[in-house]
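Visitor: My questions are about this predicted structure, shown below with the sequence.
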Amino acid sequence: MDPFRFTIQARSGRARVGLLTTPHGRVETPLFMPVGTQGSVKGLLPKDLKAIGSQVLLANTYHLLLRPGPERVQALGGLHRFAGWDGPWLTDSGGFQVMSLGHLRRIDEEGVVFQSHLDGSLIRLTPERSIAIQEALGADFIMAFDECPPYPSSPEYLKASLERTLRWLERSLKAKTRPDQALFGIAQGGTDAGLRALSTRETLRFDLPGYAIGGLAVGETKEEMFPMVALSTEILPEAKPRYLMGVGHPEDLVAAMGLGVDLFDSVYPTRTGRFGSALVPEGRINLKNAQYLEDKRPLEEGCDCYACQTFSRAYIAHLVRAEEMLGGILLSLHNLRFLHRLTERAREAIRQGSYGAFAREFAERRFGKEI
Ligand SMILES: CCCSCc1cc(N)cc2c(=O)[nH]c(N)nc12
């Protein structure tokens with residue numbers, strides 16, 4: 001039986017609730033995936049991630065290639081055993097991080113050559129090697145090796161790049177050997193509607209368990225991004241999960257879920273938490289601001305997370321000012337719980353057939369008044 005069945009449980013407009021079966025359990029979509037770049041979601045224990053409703057974690061092939069190395073992770077039982085998370089894992093293919101982190105030396109038909117950001121050593125990544133690494137790491141969802149073009153890029157560059165990504169997808173698929181891993185293709189095309197449609201349609205020529213919308217959330221405006229998301233989900237098949245890569249602001253999740261996106265990831269909630277900010281329905285509060293030093297309220301009234309149930313804004317503001325680790329930990333925990341509660345409420349609204357009302361209520365509270 002297919003280890004990656006995806007069934008639609010409910011619909012409300014273009015939004016949908018899905019049930020996605022994996023070898024490491026069933027998950028409900030739409031869902032937000034915390035990013036555990038080097039095999040850990042910074043500062044948070046796997047048991048606490050489970051407690052706040054995290055379902056799928058992400059890790060970076062690029063980072064784990066550089067340190068500790070896929071062979072070591074494989075010898076130690078694979079990502080699930082190594083990192084103590086028994087739910088589903090997704091690994092990105094490495095190309096994006098090379099272009100955003102590594103010192104890219106060359107990109108050609110074969111793949112990319114980059115200089116490690118750790119020790120400057122030269123490393124080659126190809127579709128075949130990316131898949132071999134992801135197979136050794138043992139994630140449930142693996143990504144085809146792609147190029148995420150820089151923003152902005154010329155139409156000529158976007159077209160040549162998406163065509164190469166399609167050839168790399170074919171090579172990624174040919175290199176895949178494990179039936180217990182789901183390979184997602186990644187559509188590109190930047191913010192050019194014609195090229196975005198071309199890349200999405202050509203990616204669909206490969207019958208895959210899921211499809212990612214790549215090349216967005218790379219610096220373009222929301223006005224440029226969302227028409228591409230809408231165009232993508234109009235073309236992508238209803239019956240397969242859609243993954244919008246790198247999107248993690250609450251308002252963007254609400255808009256994209258309304259367009260039929262099922263999976264999200266972003267470092268935003270944990271990174272902004274480490275920098276001292278909490279996500280709240282009205283937007284974001286920065287605990288470095290002196291106004292919170294005597295504020296007895298929780299980060300967010302009504303939030304059920306450990307940070308909100310146990311501590312005041314005043315205490316967390318103190319921790320942030322004192323540069324205590326616990327400050328970033330509590331804020332990361334709350335911010336992830338905030339996004340998981342948002343997707344939980346979204347799923348309930350979809351089941352009730354009232355996603356439109358849910359999105360309007362969210363927008364009124366988020367944009368209706370200043371904090
Ligand atoms: C662990 C991080 C996963 S998402 C990283 C990411 C983020 C964004 N915004 C775009 C892309 C993309 O186009 N391709 C790939 N492989 N990854 C992307």
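Guide: Right, received. Where do you want to start?
Visitor: So the lowest-mean-pLDDT helix or strand in the chain, near the ligand or not?
Guide: Every helix and strand in the chain was compared by mean pLDDT, DSSP states H and E; the lowest is helix 95-100, with a mean of 80. Yes: against the ligand, helix 95-100 shows contacts by Cβ under 6 Å from any ligand atom at 95-96. C-betas here are computed from N, CA, C, even on glycine.
Visitor: C-terminal to that helix, which secondary structure element comes first?
Guide: Sequence order places strand 103-107 as the next helix or strand after helix 95-100, per DSSP states H and E.
Visitor: what's the next secondary structure element after that next one?
Guide: Following strand 103-107 in sequence order, the next helix or strand is strand 112-115 (DSSP H and E).
Visitor: who does that following strand touch, helix- and strand-wise?
Guide: helix 95-100, strand 103-107, strand 122-125 (3 or more Cβ pairs under 8 Å, 6 or more residues apart in numbering; DSSP states H and E).
Visitor: that older thread, next, the buried residues of the least confident helix or strand of the chain.
Guide: With burial defined by 16 or more other Cβ atoms under 10 Å, the residues of helix 95-100 counted as buried are 95-99.
Visitor: low-confidence ranges in the stretch 51-200 of the chain?
Guide: The stretch 51-200 of the chain contains residues with pLDDT under 70 at 102.
Visitor: How about the residues of it by the ligand?
Guide: 58, 60, 92-93, 95-96, 143, 146, 148, 186.
Visitor: isn't residue 220 right next to residue 191, touching?
Guide: Yes: Residue 220 is in contact with residue 191 according to Cβ atoms under 8 Å; the separation is 5.2 Å.
Visitor: Name the residue in those two with the higher neighbour count.
Guide: Neighbour count, other Cβ atoms under 10 Å: between residue 220 and residue 191, residue 191 has more, with 20 against 16.
Visitor: Residue most distant from the centroid, the protein?
Guide: Note on the chain: the largest C-alpha distance from the chain mean falls to residue 294, namely 35.2 Å (Cα atoms, centre = their mean).
Visitor: you'd agree that one is up against residue 314?
Guide: Yes: look at residue 294 against residue 314 with Cβ under 8 Å: they come within range, at 5.5 Å.
Visitor: show me where the stretch 51-200 of the chain has strands.
Guide: For the stretch 51-200 of the chain, strands defined by DSSP state E, counting those that start in this stretch occupy the ranges 57-60, 89-92, 103-107, 112-115, 122-125, 141-143, 182-187.
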